[in-house]
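Asker: the sequence isn't on hand, but the structure is:
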């Protein structure tokens, strides 16, 4: 695995030194897990599609199966839309103010 990043410090730098107010983070389970562990998720955009795969070593939304997060994160469903065979969900963190989600 690569070098670990201090995510809260990086986001603090972006906000305080560069004036970043909104940030979209795209990535896989490693990025999502690090943001959830640091309690830094205001919103989650999730796409569901009609494919099922899995197994003992199949990746999950937050990493490897069985690698539980230290705590759960409560999200509220803000919107969902079905287009063709896919469903797009927008969830807001329970603590995030509505204006954060745009």
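Answerer: Happy to help now that I have it. Small disclaimer: the values here were computed from a predicted structure and weren't measured.

Asker: how about the nearest residue to residue 32, chain neighbours excluded?
Answerer: Excluding the flanking residues, the one nearest residue 32 by CB to CB, 6 or more residues apart in numbering is residue 62, at 5.7 Å. To be clear about C-beta, it is placed using only N, CA and C from the backbone, and glycine gets the same treatment.

Asker: which residues touch that neighbour?
Answerer: If you count contacts by CB atoms under 8 Å, 6 or more residues apart in numbering, residue 62 has them with 29, 32-33, 36, 69.

Asker: check which helix or strand covers the nearest residue to residue 73 once chain neighbours are set aside.
Answerer: Spatial nearest neighbour of residue 73, excluding adjacent residues (CB to CB, 6+ apart): residue 36 at 5.4 Å. Following DSSP states H and E, one finds residue 36 within helix 29-37.

Asker: show me which helix runs longest in this structure.
Answerer: Looking across the chain with DSSP state H, the single longest helix is helix 7-18.

Asker: who are the packing partners of that helix?
Answerer: Using 3 or more CB pairs under 8 Å, 6 or more residues apart in numbering; DSSP states H and E, no helix or strand is in contact with helix 7-18.

Asker: chain center to it, what's the gap?
Answerer: Here helix 7-18 is found 18 Å from its chain centre; the criterion is CA atoms, centre = their mean, to the nearest Å.

Asker: alright, that wraps it up for me.
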